[in-house]
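The following comprises the amino acid sequence and a computationally predicted model.
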Amino acid sequence: MQNNTKWDEELALIAAFFDKTPLEKSIKWGAEVFTYNGKNVVSYGGFKDYFTIWFYNGVFLEDPFKVLVNAQDGKTKSLRQWRFKSKNEIDENKILEYILEAIEIEKKGLKIKPDKFVPVPVPQLLENEFKKDNILKTAFEKLTPGKQKEYSIYINEAKQEATKHKRIEKIKPMIASGIGLNDKYK
């Protein structure tokens, strides 16, 4: 993201704005994240067709300039992005206005409550693997319900049967090791 050299000049401009705020810089998920009292507030990065600033609790921003977008409708609940396609779109005053409002939101402690946990049935293909390998089944049962759900969704999201089988082969060693599908990102 921030390693995308296509937007170096633009990202350097945006990075300088964060220095004008009370935010603290840290590195999370391999990118610069700006925090307030240890809570994620804002970050930025470059992608193929645009560069962006994202606000972790952007859903609460007033958005007077109507610039914020939800990166993944139906999945992303709180995070909102402000996307740019050229250096000419960068307006320091507007950006700082949004950042300062995001800090105020963090001070107020506004958060979207997570959805109530709903377990996902274990896919039949994975159940079949458990019948062949009792150790794998026991390891899966020792995982938290959330980690079990991640694996079930991962398999169910595959459209082709061959992909589902490949995914099962990929996750079997992870399950046996007691590792969650997305642990490396946490």
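Perfect, I can see it now. Numbering: from 1, shown residues only.

only C-alpha atoms for contact and neighbour calcs from this point on.
OK.

So Pro119 lies in a helix, does it not?
No. Counting by DSSP: H, G, I helix; E, B strand; the rest coil, Pro119 is located in no helix; its state is coil.

show me the contacts for it.
Pro145, Gly146, Lys149 (Cα atoms under 8 Å, 6 or more residues apart in numbering).

list the contacts for Lys142?
Gly178.

How is the chain divided into domains?
The chain breaks down into these domains under automatic domain parsing: 5-108, 124-185.

just to revisit the earlier point, and which of the contacts of Pro119 is nearest Leu110?
Of all the contacts of Pro119, Leu110 sits closest to Gly146, with 24.1 Å by Cα to Cα.

mind putting the domains of the chain in JSON lines, distance to Pro114 included?
Converted to JSON lines, the domains of the chain look like this (distance: least, Cα to Cα, whole Å):
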{"stretch": "domain 5-108", "distance to Pro114": "9"}
{"stretch": "domain 124-185", "distance to Pro114": "13"}
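
Format those as TSV; extra columns: distance to Lys116 and mean pLDDT.
Output for the domains of the chain, formatted as TSV (distance: least, Cα to Cα, whole Å; pLDDT from 0 to 100):
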stretch	distance to Lys116	mean pLDDT
domain 5-108	14	95
domain 124-185	12	95
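
circling back: of the contacts of Pro119, grab the buried ones for PyMOL.
The following PyMOL line selects those of these that are buried, judged by 16 or more other Cα atoms under 10 Å:
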select buried, resi 149
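
of the contacts of Pro119, closest to Glu161?
For those, the nearest to Glu161 is Lys149 (19.2 Å; Cα to Cα).

looking at this, the closest one is in a strand?
No. The assignment for Lys149 (three-state DSSP) gives helix, which keeps it out of a strand.
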